[in-house]
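In: When you get a sec, could you give me coordinates for this:
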Amino acid sequence: MVFLLNACQKTKPEIDRSPTCVPDKPVNWGEIYSQYMHKKFEKYVDEIWDADEWNNRNEPDWGLHDNIYDKSCKIIRPFWDKPKLGSKSCLPWKIKTYDTIDKVVEWRKTGKISVTFEHLVDEHWQGEAFDPRVENPFKPEWYNRDMDFAVIIRSGHWTNFYPKDCCQFITFDEMKQEIINRNRGEWKYDDKEQQYKNLYFRKTLAWVIDEDVGIHDNEEDINLLRYPLGTELPSNYEYKNYLNKKGYLIYKAMNNCGHATDFHIDIDLNE
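Out: Numbers count the residues shown, from 1 in each chain. Here you go, the predicted structure:
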């Protein structure tokens, strides 16, 4: 009986990630983009619950649990219900006023101070929190152009900033030109050109603009940009020569069926 049940179970079709995949019907790149972005930020929020559950089970006294999730997210744990967020600090925020990394750097140079992270993104940056578990603000028509806003979100000890041009599907030629411009004329992927010339590439640009959030016991440190971008870290800090603004840029080849292939180009923006 067990054998018969297992034999009758339907298995999900294997995703074809080859660069030569031929679609059964036209691919809607706008919908693929919108769903990808939605899932991307939904995963950030889901990770809060995953980490909280892991900490409760394995390391109930670990500092990350107390400092990040209790003090910043203000997690509420009803006895008969799932944990809930008592703060907007751990949700993603849409930022329209400061929607590029250059604008964020300029704001930092003004010397303004925020009381908490939520005060920063709400009052100073006029942001709007959204819960990706209940809404998807990413429009399909943005798949090959800038969004109407940037997104900032806390992730563990870091604060991640996705500028308005963070995430797009671009052509091979557009990607090649961007890399040449960034690398002062250098292009080293001629061997990939024939195979990937006619494919879209999923571009992801993001900046880590904060370090060390919540490692220390002072509750007032938890919600601030502790070591904000553009500031030199303390002399006794482990990475004392590190200018606190880390960026990364990833180009991921997408086949004509709308699936990510194994080929990608990663660029470290700190070099």
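
In: going forward, measure contacts and count neighbours with C-alpha atoms only.
Out: Noted.

In: Can you name the element that comes right after the helix or strand hosting residue 170?
Out: Per DSSP states H and E, residue 170 falls inside strand 167-171. Using DSSP H and E, the next helix or strand after strand 167-171 towards the C-terminus is helix 172-182.

In: about what we covered before: between the strand holding residue 170 and helix 172-182, how big is the angle?
Out: Comparing the axes of strand 167-171 and helix 172-182 via axes from the mean of the first three to the mean of the last three C-alpha atoms, to 10 degrees yields an angle of 110 degrees.

In: So that it lines up with my notes, have the first residue be 50 from now on.
Out: Happy to do that; since the first residue is 50 now, the last one works out to strand 216-220.

In: what is the mean pLDDT for strand 216-220?
Out: Strand 216-220 comes out with an average pLDDT of 97.

In: all strands for the stretch 50-199 of the chain, in order.
Out: 124-125, 133-134, 142-144, 177-178, 199-204 (DSSP state E, counting those that start in this stretch).

In: can you give me the mean pLDDT across the lengthiest strand in the chain?
Out: Secondary structure of the chain per DSSP state E: the longest strand is strand 249-259. When pLDDT is averaged along strand 249-259, the result is 90.

In: List the pairing partners of that strand within its sheet, with orientation.
Out: In the sheet, strand 249-259 lines up against strand 207-211 (antiparallel), strand 216-220 (antiparallel), strand 295-303 (antiparallel) (DSSP bridges).

In: Can you tell me which of the ones you listed has the worst average pLDDT?
Out: strand 207-211 (a mean of 85).

In: re the thing from before, contacts made by the strand holding residue 219 with the rest, please.
Out: 82, 191-195, 247-254 (C-alpha atoms under 8 Å, 6 or more residues apart in numbering).

In: Make a PyMOL selection of the buried ones in the residues you listed.
Out: In PyMOL, a selection of the buried entries from those looks like this (16 or more other C-alpha atoms under 10 Å):
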select buried, resi 82+191+192+193+248+249+250+251+252+253+254
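
In: Quick one: the contacts of strand 216-220 as TSV, columns for distance to residue 156 too.
Out: Shown next, in TSV, are the contacts of strand 216-220 (distance: C-alpha to C-alpha, whole Å):
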residue	distance to residue 156
82	30
191	26
192	28
193	28
194	25
195	21
247	40
248	38
249	35
250	32
251	29
252	26
253	24
254	20
